[in-house]
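Chemist: Give me the fold of what follows.
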Amino acid sequence: MSYSKDNEKSLVGGEITSEKNLEFSLAFEIGALRLGLWLDSGGVEKLSLDEKQLAEAQLGALRGFPESIKALKALEAKELIRNLEVRHQLRVQIDSLVELGLIGALPESNQLGFIDINGEERPLPEISDLVDVVERTIPLVEEKVSQGFTSLLLVPFGLPLRDYLNRYKALILDKHKRRKLFSTKGSLLKLTKEDPIFTSSLNLRGELEFSDLGSFGRYFVDDFYEKNNGFTKQQLIAANQVWQVLLVESLVDLPLQSSVEEIAGRRQFGPNRTPQDYLKLLKDDPYYEHEQGFTFESWLTMAMIHLLRTDQQIDVRGKLGGKGCTLLGSSIEVKEGNNYESCIVRPGSASWRGVGHADLRTAFPIWGKVGYYQSIRTAVNLTSLLDEYKKLI
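Modeler: Below you'll find the predicted structure:
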C-alpha cells in the first residue's frame, strides 16, 4: 500500500485546513512521507526507533495533540544537536583548552577549570549543562546555522587576559621552534622572538591593567563616541558570563570584499567599514539580530585553538592572509588630548602582522576606510540569552 492524497483524510482524521497551525505544515509533509515509507515497508519493525518516533510525533502534532507537539520539538532539537555534533565539538574545545593550559585542575576543588580575575575558582560546567545551553536556544541556533554559524566556541571569559597572553606566547614560540607556524595560505610566518605579542598600544593610561582591561575596559558598547556605556568584565561575570558558549561562523579567513557571500538572507561582513559603521549594522539590520562582536577573550580562544589544531594563525593581515579583526565586543576608554575628562571609547583589534608578531591594540572608531586591512568577526552568545544576563540589560 502506498501513500496518496486520497488516504489523507483517514490517516490524519480530517482534511488539513487553513486554521491548522502553520508551524506544523512542514511536519505534515515529512510525517506523511515517513508514514508512506512505513506502510510500504510492510510494518513498523523495518523502521528505526528514531524514524518511528519522529513519524508518530509529526502526525500527532498535525492533529494538535499537545504531547506530540512537545515531543516533535524535542526530536527536532535532538536532530539539530546531532547534526551539529555539539557534544563532539564541545569535547574538542575542552581538550584544547586543557592542552593549551587555559584550564586545569583547580587547587581547592581539584575540578577542571580556571581561576578568574577575582581569584575565585571557576569549575568547567558538565557537558550536559553546556549542551543544555544549546538546546534551550534551538530556534535561534537553527536560524543561525542556516546562515553559516556552524561552529561552537567555548570561552573561559572570566580568565585574566594576562593568562591568555602568557599561554598564547608559549604556543607561538613552540610552533615557531618546530617550524609549524603558518598562515592560513600555507606560508611559514616570521617571528620576532623578543616580542611575539605586541600589546604596548593598549597601555594608553598608566593605571590600565591588561589583566582585565582595568576600570577603563568596556564590553559590548552601544556607541564608540559615548563614555560609560557597555559593561565591565566584573558586571558580565556577575551575570553568569564566566563561561560563554558561542556559535560562530566557520571562517578561517575574514572574507575580502570580492568574496563576501549572502547566506539565507544574511550578508557576510566585508572590509572597508569603520567600527562605528559595523556597530550600527549589528544594531539596525534584523539579519544580524543576536550577533555581537568578538572580544579579546573570544578571539584569543579561537586563534589559540586553531593554531594548536592546524598550525595556522588566523587573521594574518596583508598578502599572507587577508584582514585583521576589529573587536567590537572589547573597548577601552582612552584619554584624548590634554583634557583628562575628555575620553573616547576605542574598540579592540587583533591580527598577525607580517613583521612577525601578533598585534593586540585599540582601533580608532574611524578606522576602516578603503584599503585598510580590517574586518570583523561576530558570534551568537548563547549564554547571554539566559535569564541572568537578561537581568543585566
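
Chemist: Mind pulling up the pLDDT for Asp174?
Modeler: pLDDT for Asp174: 96.

Chemist: Quick check: it is in a strand.
Modeler: No. Using DSSP: H, G, I helix; E, B strand; the rest coil, the assignment for Asp174 is helix, not a strand.

Chemist: Count the neighbours of it for me.
Modeler: By the criterion of other Cβ atoms under 10 Å, Asp174 has 13 neighbours. C-beta here means a position set from N, CA and C on the backbone, and glycine is covered the same way.

Chemist: counting contacts, what elements does the strand or helix carrying Gln234 pack onto?
Modeler: Assigned by DSSP states H and E, Gln234 falls within helix 233-238. Counting contacts by 3 or more Cβ pairs under 8 Å, 6 or more residues apart in numbering; DSSP states H and E, helix 233-238 is packed against strand 217-219, helix 387-392.

Chemist: I'd like the average pLDDT over the longest one.
Modeler: Going back to what we said before, that points to helix 387-392. Mean predicted lDDT for helix 387-392 stands at 49.

Chemist: Over to stretch 145-154?
Modeler: Rounded mean pLDDT across stretch 145-154 is 92.

Chemist: swap in stretch 265-277?
Modeler: 89.

Chemist: Now do the end-to-end distance for that stretch.
Modeler: 20 Å (Cα to Cα, to the nearest Å).

Chemist: how about Val145, secondary structure?
Modeler: Strictly by three-state DSSP, Val145 counts as helix.

Chemist: how much space between the residue lying closest to it once chain neighbours are set aside and Pro347?
Modeler: Spatial nearest neighbour of Val145, excluding adjacent residues (Cβ to Cβ, 6 or more residues apart in numbering): Leu84 at 6.8 Å. From Leu84 across to Pro347, the span is 30 Å (Cβ to Cβ, to the nearest Å).

Chemist: between those two, which one's more packed in?
Modeler: Pro347 (26 against 19).

Chemist: how much space between the more buried one and Glu333?
Modeler: For Pro347, the distance to Glu333 - Cβ to Cβ - is 11 Å.

Chemist: for Leu251, same thing?
Modeler: From Leu251 over to Glu333 (counting by Cβ to Cβ), the distance is 30 Å.

Chemist: Tell me which of those two has more neighbours.
Modeler: With neighbours defined as other Cβ under 10 Å, Leu251 and Glu333 compare such that Glu333 has more, 23 against 17.

Chemist: wait, doesn't Leu154 sit right on Trp243?
Modeler: Yes. With contacts counted by Cβ atoms under 8 Å, Leu154 reaches Trp243, the gap being 7.0 Å.

Chemist: Overlap in contacts, these two.
Modeler: Residues touching both Leu154 and Trp243 by Cβ atoms under 8 Å, 6 or more residues apart in numbering: Leu130.
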